[in-house]
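>>> what follows is a predicted protein model with its sequence.
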4 protein chains.
Amino acid sequence: MTLLADVLSTVFERRYRPFGLKGAETRPMDDMANELVGSSGETSGLALAERILSRFETMSDDEKLGFFRHLANAMNIDAEAVRSALEAYEQTPSKNSYRAFMAASEPRRQELIRRLNGLPGATGALVRMRADLLRLGRGEPELEALDLDFRHLFASWFNRGFLVLRPINWESPAHILEKIIAYEAVHAIDSWNDLRRRLEPRDRRCFAFFHPAMPDEPLIFVEVALTKGTPGSIQALLAEDRDTVQPEDTDTAVFYSISNCQTGLASISFGNFLIKQVASDLASEMGNLKTFVTLSPIPGLGPWAAGQGLDLPSDDPKQMRALAAHYLINAKREDDLPDDPVARFHLGNGATVHAVHADADTSDKGRAQSGGAMVNYLYDLGKVAQNHEAFVTTRKVVASSEVKSAANAANTGQAKER
Amino acid sequence: MTLLADVLSTVFERRYRPFGLKGAETRPMDDMANELVGSSGETSGLALAERILSRFETMSDDEKLGFFRHLANAMNIDAEAVRSALEAYEQTPSKNSYRAFMAASEPRRQELIRRLNGLPGATGALVRMRADLLRLGRGEPELEALDLDFRHLFASWFNRGFLVLRPINWESPAHILEKIIAYEAVHAIDSWNDLRRRLEPRDRRCFAFFHPAMPDEPLIFVEVALTKGTPGSIQALLAEDRDTVQPEDTDTAVFYSISNCQTGLASISFGNFLIKQVASDLASEMGNLKTFVTLSPIPGLGPWAAGQGLDLPSDDPKQMRALAAHYLINAKREDDLPDDPVARFHLGNGATVHAVHADADTSDKGRAQSGGAMVNYLYDLGKVAQNHEAFVTTRKVVASSEVKSAANAANTGQAKER
Amino acid sequence: MTLLADVLSTVFERRYRPFGLKGAETRPMDDMANELVGSSGETSGLALAERILSRFETMSDDEKLGFFRHLANAMNIDAEAVRSALEAYEQTPSKNSYRAFMAASEPRRQELIRRLNGLPGATGALVRMRADLLRLGRGEPELEALDLDFRHLFASWFNRGFLVLRPINWESPAHILEKIIAYEAVHAIDSWNDLRRRLEPRDRRCFAFFHPAMPDEPLIFVEVALTKGTPGSIQALLAEDRDTVQPEDTDTAVFYSISNCQTGLASISFGNFLIKQVASDLASEMGNLKTFVTLSPIPGLGPWAAGQGLDLPSDDPKQMRALAAHYLINAKREDDLPDDPVARFHLGNGATVHAVHADADTSDKGRAQSGGAMVNYLYDLGKVAQNHEAFVTTRKVVASSEVKSAANAANTGQAKER
Amino acid sequence: MTLLADVLSTVFERRYRPFGLKGAETRPMDDMANELVGSSGETSGLALAERILSRFETMSDDEKLGFFRHLANAMNIDAEAVRSALEAYEQTPSKNSYRAFMAASEPRRQELIRRLNGLPGATGALVRMRADLLRLGRGEPELEALDLDFRHLFASWFNRGFLVLRPINWESPAHILEKIIAYEAVHAIDSWNDLRRRLEPRDRRCFAFFHPAMPDEPLIFVEVALTKGTPGSIQALLAEDRDTVQPEDTDTAVFYSISNCQTGLASISFGNFLIKQVASDLASEMGNLKTFVTLSPIPGLGPWAAGQGLDLPSDDPKQMRALAAHYLINAKREDDLPDDPVARFHLGNGATVHAVHADADTSDKGRAQSGGAMVNYLYDLGKVAQNHEAFVTTRKVVASSEVKSAANAANTGQAKER
């Protein structure tokens, strides 16, 4: 598959990538932004966009904040203009009056972001810009509103229809692989050898979504182990000296790590599609795969137990497993959704709680966040749609009978649950 | 370059392409559309999107009109909701109030179109859907307003930053080449041999813009001849028995045909970018190319002359050339822009009127539309930006002194010009 | 552009292709050939190779003959030198004495051809050179011997391990497709539309072998129809208005045309590998394909019948079929191999005579060569190896019982068979 | 997925790679080898070849030796047969008698190796087989002779015309890069970060030759630094904290490391072509590059000095430089070629001794082998051909006047030079 990866990554024109190489730009950013939106033609637009984006990348946080505030305030909607355009449209609904309303009700900053994106190679720069905005704008209502404009446009540009699924393997380009190492957020990859152990064996797979306009940047990736039976611990899965299972002997695909790569794409959801696409592709490629599960952390368990005044019974596997099962099934937020964020994600996708394991992640991180417990969520492709509907409607956590039994054995003592 | 073309066209996942293969769908389209917009999760969304798009492609024009009217009316903005969201936002500008305003001021049909586009492969289907809308909705104000929503989204999805420039040559895939034959709108290609004569010789080039989500569909393409000196007729350029010029002997690139391919992308402008990108790429590839011109038709000349009560002096080359020059420089619309649409396009791009030729297109079509006259517009890459600005501001047609002299010799008799 | 260039240069470096562009070369070819073989280093070798090959392509047939005779005579082995090197080796077998023997027993022209092939892009030129040799050298013993040297080297360079199988379809590059049109030797392709009918439908396939050093030149290709049941006529298979069969409804792959493309690769056999590779690939891709057959002409039937003084009973299908079956099973050459060359090829590959059809090729060519009869050879992948062995050993034609019955009904009258 | 598959199979068909996966093969290797050569058809040949190659890879060294001896003896030429075929050919030179002579004078083991190579993917296995032969057969005349047969065939298969030059960079596949790390033979690469420093900066390049039948195995690679001026030490070139030079500011390309990768391709020369091809490509890509030099070790200097009873004056740069210059110019082998093997290689390629530096490689290895001295060989593309001819003819070392001056200052005391 070597060349395949190579080939796909050449899709996009790369000549525009190096921003910031041009001579110093001294015009105020706000002026340039105003001009870009007002620019009557596309002719000078691209040059202006390049200057704005290059300049932004060299700005201090204070300068960036100033720029964001300009967008948030000077380029916001004009309520009066919206109102009068709306009235005109109500009186005479026509192409022209509707166009005028559209123009008035959309803040000019959206058009600015779109025009910046007209520059080939700019999409990645805009994603980084939003990462800055999320970091700097927290708690400032105007900037949080501005973020909604970024998010609105990004949701349109990064929708499923534009994403490309690519396998990541030991024949992938090194500059992509180093990003996999950097972005792995669940079970850290500590060296190129560690990476190779997750990519090269015949019973390991990895897949990522890419956007054609950011061919060098994975958006999200999932690591998969092909196993015989459902695994009960991450240590066994990642052991350096484990034996490779022959693909024809496997019956289960385990999604053991899912990592979002781009801070600037927060709240743009890809994980749901990724898991289902990969499960579906693997199922059609390998007829012997019958079960698709995750091996997931329970990051909310530790904090929840602490809130309940409970100690995690890490050294009593049976109790630990029971508490984890109880937590996953019964601990809810005020909106009646599960307390655990990972559970919310998978149950919202239509998965179910399949099995719970103690001593499943004995790393320091695993011990700390969940007393070493982990959980398998089951993706039954034939049922995810109805599970999803049921979950959205009833918010009921569907769990296997084993997990329910385990939960019943939990001794939560005086714990007062919400 | 064979494999290159191959490779690029494999960019996108093709597995979703065949719409309409599924079993008959009998639910009303309007219901499905409403459900898709209301759908709480992405899970069932893709399946629904596929059903809607498959169904649409099999519908009669009347049914399509019905569907469009549903979008135009039932999925329009609710003026009262806009007004109250606006007021709430004015009173308390916050992330939440802004989000509510955004939701209210955008008609739900935009979200519908976005969700339909979430289906891999759907973009082309939506472009075809808009082509239907343009055809069926003409003159119906609600449907013309609906078209603005399509256009708004398409402008965002098809902006320059997402387009890919690809050379088209005799090593390109046949299924792309047959589309070049079909879409050529200026000088018809009458056979594969004719096509080969325009692609294979070393002094001929062709380039097209593609969108990654529609890898098999050129959006716009330009045919280029590399010549020694500026050519004065299309016959000479396309002669079957002409001699190929060695690339190192050429000094001029002639853009002799530009064709938009997708009716459904009307008013989404690519031509400006295409010409400048190709000119810039050719300039850096071949140092000997010094002049970049078009060889363009003057489609407005015939109708204008008829409107003036003038006969085209086709058989007097000198008078014909004078009249064409005069028309290009002096004939204006009420908005003071040039009467000729091709002139408006190139002058708007920052080109200038460089030379005018009689007997330059002796085909029936050429005789009929402009008495056989054609024009070279000059793209001077160092000046297009300022030319563009000047033209937008002053609407003055910049022409070479030769063309101005020719225009002065025009005998327009009693013609009353606007 | 890095990876793009990477990919392309993997397929093959193309920059050297255009021979013959350099200034006139006036040194005698023989001198250049001698120098190239004698050249102590590789440094000047490539330039010399290019001059020789460029020059050759511009030479007249007489000049080419002169060059071939130089290779055949002046660059032949020296019998005395062979003899003394052989004796030295016999006396003292060592690395040095063996090297000396190798050098003496191989004519210098083989080294010349190898050094010419050291030039990137030269392989195709050498294949064309051999085509000239085959054409011009017929009947001249020295030149026929020289051809054995070409053939010896080509067998090594074009062995199965170096060949690449590629699908040919409607998305293949036009310059490859036009070669398919040109090289089709069995059922002529009369237009691009005809070609498209053989490539684009979902029940049609085409595959070719390529050599990495000649990436633009198919070596051999096979056209395949996926059908339900074994077809009995080529007219039905190629009918313009036929219905496409859904792939899932097919059970049979029909190899209905196999064409060698390169005259200069005569006697270098690819067809055997091609059919088995394609059959094996299709079998693993589509589980429903159970039968792999050809639909083959019987080109030897007409000439044989004429030699027997028999008229072909074209208008009596039953008799025609019987005669064809009889011919295939019983008509032998002096070496006891089947008289029909196509039969020799397929039976030698391990196929069997499966079915015979009258009125199966009603074209003028089909009528003339075999009274319209055609034959299906069956490739049973599990049995081809043992069939092949049996055929090589016993030369017995294995046929289905139907074909044997038909043969028995043949009325060959007074025909005296060998 | 059509074209995707197309592209991949163009690079090379990979499905055959995994040898040794089949069930245990118990037939004696010699029998299988005899059968493969005798095999009348290609049909069973590929299966047999796979069995032989799979089996070989699992054999012990003793078993391998046994197999090699079988090839060397039982599959050698038959002197009597050669003699009689030669006589028959002398008496009646014809196609048939020449064919018989060809068959007799080539040992059957050559045909065996060719047939093994008929298996797709086998080329790499045969290269590994020869590596075993070189290792095990040293000093055994029959096996050294057998090696000449491998070498003869490999020279034909791996000639320049079949090689593909590919850039190696930080976007190359990881499984290729790890081989670059492993094969670097001059200045060891100690980590992925070290590798990245040699590949990623804009002033660093790397190129390798590949063979289409071994797409995952570089054959030879060269590392290049683009510099301003000729560098005088490897430490400066590889310093971790050096500044990247902008490509437009460079004037010199420095070939600072050339490594052969395949033991089994010993004596098949690629280096000459690689350097010249890369120099020529870089020259046409970057007009500002005017000088092409190596920065090379002088591995023969230390041993030579020891043989002369001289101590290397490592701590006297001036003397050290003088001694190195003297050595390179004057120290000769008995055949009058330079004593230093690296000097023989570059001077044989047509390069000249350009500059000599003390303290240029201060690593332990550099100190030990040449007292830290290094040398730049100059590749003047316009002169390499005539330099090469002159060197081959006269064996005179061409050096710059500075180097000659330095050599004159050498104090070699009583040293008696050959």
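Right, received. Where do you want to start?

>>> endpoint to endpoint, stretch A:290-304 covers what distance?
Length of stretch A:290-304, first residue to last, C-alpha to C-alpha, to the nearest Å: 34 Å.

>>> how far does it sit from the chain's center?
How far stretch A:290-304 lies from its chain's middle: 17 Å, per C-alpha atoms, centre = their mean, to the nearest Å.

>>> buried sites along that stretch?
A:291-302, A:304 (16 or more other C-beta atoms under 10 Å in any protein chain shown). In short, each C-beta sits where N, CA and C put it, glycine included.

>>> just stretch A:179-187 next, same as before
So stretch A:179-187, judged by 16+ other C-beta under 10 Å, has buried residues A:179-181, A:183-184, A:186-187.

>>> what residues does that stretch touch?
For stretch A:179-187, the external contacting residues (C-beta atoms under 8 Å, 6 or more residues apart in numbering or on different chains) are A:168, A:189, A:192, A:195, A:206, A:208, A:216-218, A:221, A:223, A:234, A:238, A:256-261, A:297, A:363.

>>> of these, which belong to strands?
Applying DSSP state E to these, the entries found in strands are A:206, A:208, A:221, A:223, A:256-260.

>>> quick one: the helices in the stretch 201-350 of chain A?
A:234-238, A:271-285, A:301-308, A:317-330, A:341-348 (DSSP state H, counting those that start in this stretch).

>>> should've said the stretch 51-200 of chain A
Under DSSP H, counting those that start in this stretch, the stretch 51-200 of chain A gives helices at A:61-73, A:79-91, A:95-105, A:108-117, A:122-137, A:141-157, A:174-183, A:192-199.

>>> which one of the ones you listed is the most hemmed in?
Highest mean neighbour count among the helices of the stretch 51-200 of chain A (mean count of other C-beta atoms under 10 Å in any protein chain shown): helix A:108-117, with a mean of 22.

>>> if we can go back for a sec, got a markdown table for the buried residues of stretch A:179-187, with distance to C:Ala343 and pLDDT too?
Formatted as a markdown table, the buried residues of stretch A:179-187 follow (distance: C-beta to C-beta, whole Å; pLDDT from 0 to 100):
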| residue | distance to C:Ala343 | pLDDT |
| --- | --- | --- |
| A:Lys179 | 60 | 96 |
| A:Ile180 | 57 | 97 |
| A:Ile181 | 61 | 97 |
| A:Tyr183 | 63 | 96 |
| A:Glu184 | 62 | 94 |
| A:Val186 | 64 | 89 |
| A:His187 | 64 | 92 |
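
>>> what is the nearest of those to chain B?
Comparing those against chain B with C-beta to the nearest C-beta picks out A:Lys179 as the nearest, at 19.9 Å.

>>> how near is that closest one to A:Ala185?
12 Å (C-beta to C-beta, to the nearest Å).

>>> and A:Pro173, by the same measure?
21 Å.

>>> neighbours around A:Gly307, how many?
Close neighbours of A:Gly307, defined as other C-beta atoms under 10 Å in any protein chain shown, add up to 15.

>>> still on that earlier bit, mind putting the helices of the stretch 51-200 of chain A into JSON lines with distance to A:Val37?
Converted to JSON lines, the helices of the stretch 51-200 of chain A look like this (distance: least, C-beta to C-beta, whole Å):
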{"stretch": "helix A:61-73", "distance to A:Val37": "10"}
{"stretch": "helix A:79-91", "distance to A:Val37": "15"}
{"stretch": "helix A:95-105", "distance to A:Val37": "11"}
{"stretch": "helix A:108-117", "distance to A:Val37": "5"}
{"stretch": "helix A:122-137", "distance to A:Val37": "15"}
{"stretch": "helix A:141-157", "distance to A:Val37": "13"}
{"stretch": "helix A:174-183", "distance to A:Val37": "33"}
{"stretch": "helix A:192-199", "distance to A:Val37": "44"}
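
>>> can you select the buried ones among the contacts of stretch A:179-187 for me in PyMOL?
Buried members of the contacts of stretch A:179-187, defined by 16+ other C-beta under 10 Å, are picked up in PyMOL with:
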select buried, chain A and resi 168+189+192+195+206+208+217+218+221+223+234+238+256+257+258+259+260+261+297
